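Engineer: Okay, structure incoming, though there's no sequence with it:
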């Protein structure tokens, strides 16, 4: 595995005492992750606003993890029932660090919720109709559906899967968005709050919502800092890829327009998906994330989120050497949209800069913006172009926002302002859909 050397002089860590820093960063890592006790790499490893032509827009205690039996480093099997019960009986010792973090915990998922069968149908029905009448030319009924998916595909990361099917979907290939929640949130919370449900219903594309379990991470963080879970074909990235394959097998998906997005731990995991499966994803939308392989274990994750600096060439090296993907000649990397609040004290804004440096290097362009504009009240957009003038990396930095996704409930984007969803007059989901032309 390639190693990454941090450049000195960031000065970020000296501001906080180690204890305060640790507590402040728990929501993105998971205090009781299965990796928290062992800072090694984890199981199965030896080391740890007009558009232009290119689409631009002008977590309970850790006892359960001790009962996990990793058979061959690639699968997680049954849990000890007594350990699970004991974990549920104890309060999370770090719960004060993310009080009220799950604003939609008791919310109704709405819009015709229900389970999907292994064939992709709603409520197990063969045609996905859930007893609805279908008009000619549509493959879903008059009511959208959202529910947990049961498939027979491999699940090396032991994740859950939820799927949103908009109403009256046309009978032709449509885009797919894979949306990854942040720590202390669930797939249902992200479905309710982030705005992708609303945009997908209007523009008719599918949305897949992978979900973390408390057995993997007590704070429901995706384990982005684990080598096992961020290597192609393994762990959680392997599970998410298999979910995408299930969607492609059971729904008409436009394979050229598959996008991955996420917030915080979900953002770091979305970067990992774009890095490890660049042949699957056309782009990624990153909210409060950072570079691929910014960390290779739990403790390095703390350093990364507080500000880890490296050169563009070093970031490119770990991206291309560690991702498990062999680039064919002429390969074009996924495009990235990088959203970040400038008041973010969980994942510092510096990591947005480091992410830009990694992915502009991947595209062979410099990290100097070619176009700058203001959108909304307080968001500045910077675009980085390739030799053809096509935007390959774009940042959206919001001055008045912390650790959250930009939503606009008054414009039909997201449910309401809360800790992780901020009404700043810009709908990130809509802007991102416009950029990747998902409505087309």
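Structural biologist: That came in fine, so what should we check first? Bear in mind that the values here come from a model prediction, so they are computed numbers and not experimental data. Numbering: from 1, shown residues only.
Engineer: Now stretch 315-322: average pLDDT?
Structural biologist: Regarding stretch 315-322, the rounded mean pLDDT is 92.
Engineer: Please apply the same query to stretch 158-175.
Structural biologist: 97.
Engineer: That stretch spans what distance, first to last residue?
Structural biologist: 25 Å (Cα to Cα, to the nearest Å).
Engineer: Equivalent analysis for stretch 417-429, please.
Structural biologist: Stretch 417-429 end-to-end distance (Cα to Cα) = 15 Å.
Engineer: residues of it that come out buried?
Structural biologist: Within stretch 417-429, the residues scored as buried using 16 or more other Cβ atoms under 10 Å are 418-429. The way it works is simple: take the backbone N, C-alpha and C, and place the C-beta from them, glycine included.
Engineer: which among those gets closest to residue 275?
Structural biologist: The nearest member of those to residue 275, counting by Cβ to Cβ, is residue 428 at 21.1 Å.
Engineer: So the closest one is in contact with residue 401, correct?
Structural biologist: No: look at residue 428 against residue 401 with Cβ atoms under 8 Å: they stay out of range, at 10.6 Å.
Engineer: Can you tell me the closest non-neighbouring residue to residue 331?
Structural biologist: residue 278 (7.4 Å; Cβ to Cβ, 6 or more residues apart in numbering).
Engineer: Can you point out the helix or strand that includes residue 201?
Structural biologist: Assigned by DSSP states H and E, residue 201 belongs to helix 196-203.
Engineer: Against residue 237, how distant is the residue nearest to residue 331?
Structural biologist: 12 Å (Cβ to Cβ, to the nearest Å).
Engineer: With neighbour numbers in mind, choose between these two.
Structural biologist: The residue with more neighbours, out of residue 278 and residue 237, is residue 237; 29 against 20, by other Cβ atoms under 10 Å.
Engineer: Show the contacting residues for the residue lying closest to residue 266 once chain neighbours are set aside.
Structural biologist: In space, and not counting its chain neighbours, residue 266 is closest to residue 180: 3.2 Å by Cβ to Cβ, 6+ apart. By Cβ atoms under 8 Å, 6 or more residues apart in numbering, the contact set of residue 180 is 190, 209-210, 222, 240, 260-263, 265-267, 269-270.
Engineer: doesn't residue 272 make contact with residue 230?
Structural biologist: Yes: under the criterion of Cβ under 8 Å, residue 230 makes contact with residue 272 at 4.2 Å.
Engineer: quick one: common contacting residues for the two?
Structural biologist: With Cβ under 8 Å, 6+ apart, residue 230 and residue 272 have common neighbours 224, 237, 292.
Engineer: In TSV, list these along with secondary structure, pLDDT and distance to residue 373.
Structural biologist: Shown next, in TSV, are these (DSSP: H, G, I helix; E, B strand; the rest coil; pLDDT from 0 to 100; distance: Cβ to Cβ, whole Å):
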residue	secondary structure	pLDDT	distance to residue 373
224	coil	97	31
237	helix	98	34
292	coil	98	28
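Engineer: can you put these in CSV and add distance to residue 198?
Structural biologist: Shown next, in CSV, are the shared contacts of residue 230 and residue 272 (distance: Cβ to Cβ, whole Å):
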residue, distance to residue 198
224, 26
237, 27
292, 29
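Engineer: ok, so of the residues you listed, who is nearest residue 185?
Structural biologist: residue 224 (14.6 Å).
Engineer: ok, how many other residues are close to the nearest residue to the closest one once chain neighbours are set aside?
Structural biologist: Excluding the flanking residues, the one nearest residue 224 by Cβ to Cβ, 6+ apart is residue 268, at 3.5 Å. By the measure other Cβ under 10 Å, the count of residues near residue 268 is 34.
Engineer: and residue 268, that one's in a strand?
Structural biologist: No: counting by DSSP: H, G, I helix; E, B strand; the rest coil, residue 268 is not part of a strand but helix.
Engineer: Could you check the angle whichever strand in the chain runs longest makes with helix 196-203?
Structural biologist: Criterion DSSP state E: the longest strand present in the chain is strand 253-263. Orientation check (axes from the mean of the first three to the mean of the last three Cα atoms, to 10 degrees): strand 253-263 against helix 196-203 gives 150 degrees.
Engineer: what's the average pLDDT for strand 253-263?
Structural biologist: Rounded mean pLDDT across strand 253-263 is 98.
Engineer: Tell me how many other residues crowd residue 279.
Structural biologist: 12.
Engineer: How much space separates residue 149 from residue 373?
Structural biologist: Taken as Cβ to Cβ, the span from residue 149 to residue 373 is 39 Å.
Engineer: The two - which one has more neighbours?
Structural biologist: Here residue 149 and residue 373 are set side by side on neighbour count (other Cβ under 10 Å), and the busier one is residue 149, at 22 against 13.
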